[in-house]
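Undergrad: Fold the following and give me the result.
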Amino acid sequence: MPTPDVSRLSNTLTDGVTIYQQVVYTTQDLASGFIERIPYFVAALIVLGIFWLLSILFKKVVHKTLGARVRHQNLVKVFQRIGGALILFIGFMIAMVVAIPGFTPAKLIGALGIGSVAIGFAFQDIFENFLAGVLIMLREKMRIGDVIECEDITGKVEHITLRETHVRKLSGELTVVPNSILFKNPVEIFTDVDQRRHQVVVGVSYDTQLDHAAAIIRRAVEDVDDVLASKGVDIFAQEFNSSSVDFLVRWWAGSTPRAGWESKDKVIRAIKAALDDAGIEIPFPYVTHTFKETVPVSQLGDTTQKTP
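TA: Okay, the predicted model is just below:
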């Protein structure tokens, strides 16, 4: 009769042999299944190769078709990347169906749908700026080199990417503006056209004949080189001010900020010279002092004597 130690050793050897046989059988089954699936794997790789070539061909067609027509080349790159990625994704799903038994595109799409919810929450701002960048490029209203103003940011557009826009302020600083801000808020484009209207207020004294003053101001403005006289100069009597009758003077000149500053400088100088030559006063506020008691004139400029 075998001892307990011998029985335990025999059972251990039996279990070891059984496990070994299971491993061998499992390995043989896996190897056999893998060998059987090799043609399918090769076919899947061929499908991936075909769709990879199709994605390259798509990018070249997009570049040749839209490269010279679309103003924003970044938008062309977006179409190339999105279209190429979509073609590769379709090729990947077909290859998975060919290589893996029981795999269906619905299973992959379902898994991606669950993951995309979490990704969407995590990268919400990035996707928002990305979409805003695409829409800004599609509208093609704001171009490289335009001078814009948005949310107290005024400057020249230097670069537009899918996520952000680079604006060089008039004082020289570079501001990186997220595209979502430019898309959600009103954007004033100063250089949308080559010319825009500028204006200045000019005051004349109350004893001035207004028609005469308006004619002198008009001639002075029209003679300025930077003013587009062909588009007209507007002179409007605007209001009765405390010491003057104010005219609103409007004219057309270049649309860039510097062009506006230069034309305004020349217009103001020309109006001042013309009114001076005509003897028309440009008044300034007067201050009148009233005293309760009579003050001798000799004491008005004497600071050493006390005023009674």
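Undergrad: just the strands in the chain please.
TA: 147-150, 153-160, 164-169, 174-178, 188-189, 195-204, 234-240, 245-254 (DSSP state E).
Undergrad: strands paired with the first one, and their directions?
TA: Next to strand 147-150 in the sheet, as set by DSSP bridges, lie strand 153-160 (antiparallel), strand 188-189 (antiparallel).
Undergrad: Of all those strands, which one comes closest to Gly91?
TA: Checking the strands paired with strand 147-150 against Gly91 by C-beta to C-beta gives strand 153-160 as the closest, at 31.8 Å. C-betas here are computed from N, CA, C, even on glycine.
Undergrad: Give me the angle between that closest one and strand 164-169.
TA: Interaxial angle, strand 153-160 versus strand 164-169 (axes from the mean of the first three to the mean of the last three C-alpha atoms, to 10 degrees): 130 degrees.
Undergrad: got the angle between strand 153-160 and strand 174-178?
TA: Compare the direction of strand 153-160 with that of strand 174-178 by the same axes, to 10 degrees and you get 80 degrees.
Undergrad: List the buried residues of strand 153-160.
TA: Buried residues in strand 153-160, defined by neighbour count with 16 or more other C-beta atoms under 10 Å: Ile153, Thr154, Gly155, Lys156, Val157, Ile160.
Undergrad: any idea of the mean pLDDT in that strand?
TA: In this model, strand 153-160 has a mean pLDDT of 89.
Undergrad: Could the C-alpha coordinates of it be exported in PDB?
TA: Below are the C-alpha coordinates for strand 153-160, written out as PDB (Å, rounded to 0.1, in the frame of the first residue of the first chain):
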ATOM      1  CA  ILE A 153      -8.200  93.800 -29.100                       C
ATOM      2  CA  THR A 154      -7.200  95.900 -32.100                       C
ATOM      3  CA  GLY A 155      -4.400  94.900 -34.500                       C
ATOM      4  CA  LYS A 156      -3.300  93.300 -37.700                       C
ATOM      5  CA  VAL A 157      -4.100  89.600 -38.400                       C
ATOM      6  CA  GLU A 158      -0.800  87.800 -39.000                       C
ATOM      7  CA  HIS A 159      -1.800  84.100 -39.000                       C
ATOM      8  CA  ILE A 160      -5.000  82.000 -38.800                       C
END
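Undergrad: Output the strands of the chain in JSON lines; the columns should cover distance to Ala220.
TA: Formatted as JSON lines, the strands of the chain follow (distance: least, C-beta to C-beta, whole Å):
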{"stretch": "strand 147-150", "distance to Ala220": "28"}
{"stretch": "strand 153-160", "distance to Ala220": "30"}
{"stretch": "strand 164-169", "distance to Ala220": "33"}
{"stretch": "strand 174-178", "distance to Ala220": "39"}
{"stretch": "strand 188-189", "distance to Ala220": "30"}
{"stretch": "strand 195-204", "distance to Ala220": "10"}
{"stretch": "strand 234-240", "distance to Ala220": "10"}
{"stretch": "strand 245-254", "distance to Ala220": "9"}
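Undergrad: coming back round to it: can you list the buried residues of strand 153-160 in JSON lines and add distance to Trp252?
TA: Listed next are the buried residues of strand 153-160 as JSON lines, based on distance: C-beta to C-beta, whole Å:
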{"residue": "Ile153", "distance to Trp252": "26"}
{"residue": "Thr154", "distance to Trp252": "21"}
{"residue": "Gly155", "distance to Trp252": "23"}
{"residue": "Lys156", "distance to Trp252": "21"}
{"residue": "Val157", "distance to Trp252": "23"}
{"residue": "Ile160", "distance to Trp252": "29"}
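Undergrad: Output the below-cut-off pLDDT ranges for the stretch 101-250 of the chain.
TA: Residue ranges of the stretch 101-250 of the chain with pLDDT under 70: 101-124, 140.
Undergrad: go again using 90 as the cut-off
TA: By pLDDT under 90, the weakly predicted segments of the stretch 101-250 of the chain are 101-146, 151-152, 159-164, 170-172, 179-185, 188-194, 226, 229-230, 241-243.
Undergrad: Contacts only, for Ala214.
TA: Ile235, Ala237, Phe247 (C-beta atoms under 8 Å, 6 or more residues apart in numbering).
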